[in-house]
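# got a predicted model here, sequence first, then my questions.
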Amino acid sequence: MSLRPEHPAPPACVPTYDDLRGKTAVITGGSRGLGAATALALARNGVRVAVNGRDRDALAATVAALREAGGEAEAFVADCSDLAQVEILRDDVLARFGAPDFVLAFAGGGSGRPMPVHEIDERDWRSSLDHNLTATFFVVKSFLPGMIARGSGALLTMASAGARVVAGAPAGYAAAKAGVIALTRQLAHELGPRGLRANCLSPSAVLTERTRAHLPPERQAQMLPTFPLGRLGEPADVAAASLFLLSDASAWITGTVLDVAGGRVMV
């Protein structure tokens with residue numbers, strides 16, 4: 001698979017927003033993939049980053065990369081589908097950094113393979129909701145009081161193209177991510193008068209390590225015609241969108257869903 005020259009490549013450098021420097025962010029699901037790429041972009045913008053994940057080794061590697069890039073970062077291990085662990089995560093972050101300016105609730109992931117709804121068992125259904133929608137709710141619920149007390153900041157959640165169009169995602173995953181979108185809009189409505197913003201990213205096919213392992217080059221080539229911009233996504237695309245939605249450049253944007261999808265999703 002190759003990029004056609006008439007189509008733009010992913011960002012070659014990290015966008016810079018001067019207003020981000022000196023701020024603090026907590027990012028869940030930050031040990032790999034989109035979360036790790038976004039954490040690195042934040043660190044390169046001078047943001048202190050509290051990075052959460054479940055895999056201690058992957059988390060340590062990501063934090064080491066942030067520090068090598070000159071950033072200030074700490075690792076926090078927690079399963080965000082467990083409220084007790086999220087509350088410990090919050091207390092540890094507050095003790096280390098104080099109330100964050102930004103909360104990026106990115107923890108989540110697919111559960112199982114696509115199948116007819118009537119064949120989905122209860123365990124898979126609950127797992128999809130717990131690790132995507134409920135995990136997002138727990139993170140937001142736990143960190144919001146400190147942000148509300150300060151009266152400023154931004155929340156960023158993670159949905160998926162599977163919540164925007166019917167595209168073969170497991171039904172439980174799609175439903176959970178659609179719930180994340182609804183939750184984000186509710187937050188934007190509630191928090192706007194308090195000086196806080198809430199927005200949601202909705203990526204399509206992004207070539208993380210995991211995605212590359214499951215999409216051989218020939219399958220990637222088959223998918224290209226469905227993307228008007230002529231390529232699949234890169235983690236840098238999501239990181240760049242995240243920086244924009246956290247920065248003052250988007251100061252009058254809240255309650256929106258940004259489809260980082262190369263034109264594949266137009267809603």
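Noted; the coordinates are in hand.

# residues contacting residue 25?
Neighbouring residues of residue 25 by C-beta atoms under 8 Å, 6 or more residues apart in numbering: 39, 42, 47, 48, 49, 50, 100, 101, 102, 103, 104, 246. Every C-beta, even on glycine, is put in place using the N, C-alpha and C of the backbone.

# which of those lies closest to residue 176?
residue 104 (17.5 Å; C-beta to C-beta).

# correct me if wrong: that closest one contacts residue 35.
Yes. Applying C-beta atoms under 8 Å, one finds residue 104 in contact with residue 35, separated by 7.5 Å.

# between the two, which contacts overlap?
With C-beta under 8 Å, 6+ apart as the test, residue 104 and residue 35 both reach 27, 28.

# can you give me the buried ones in the host helix or strand of residue 190?
Using DSSP states H and E, residue 190 falls within helix 171-191. For helix 171-191, the neighbour count (16 or more other C-beta atoms under 10 Å) marks 171-181, 183-185, 187-188, 191 as buried.

# could you do stretch 14-33 as well?
14-15, 17, 20, 23-33.

# in strands, which of these fall?
24, 25, 26, 27, 28 (DSSP state E).

# which non-adjacent residue is nearest the second one?
Counting by C-beta to C-beta, 6 or more residues apart in numbering, residue 25 lies nearest to residue 102, which is 4.0 Å off, once chain neighbours are set aside.

# wait, the one you found touches residue 153, no?
Yes. The pair residue 102 / residue 153 is scored as a contact, 6.2 Å apart, by C-beta under 8 Å.

# overlap in contacts, the two.
What both residue 102 and residue 153 touch, as defined by C-beta under 8 Å, 6+ apart, is an empty set.

# the residue nearest the centre of the chain and residue 71, how far apart?
In the chain, the residue lying closest to the centroid (C-alpha atoms, centre = their mean) is residue 106, at 3.4 Å. If you measure residue 106 against residue 71 using C-beta to C-beta, to the nearest Å, the figure is 17 Å.
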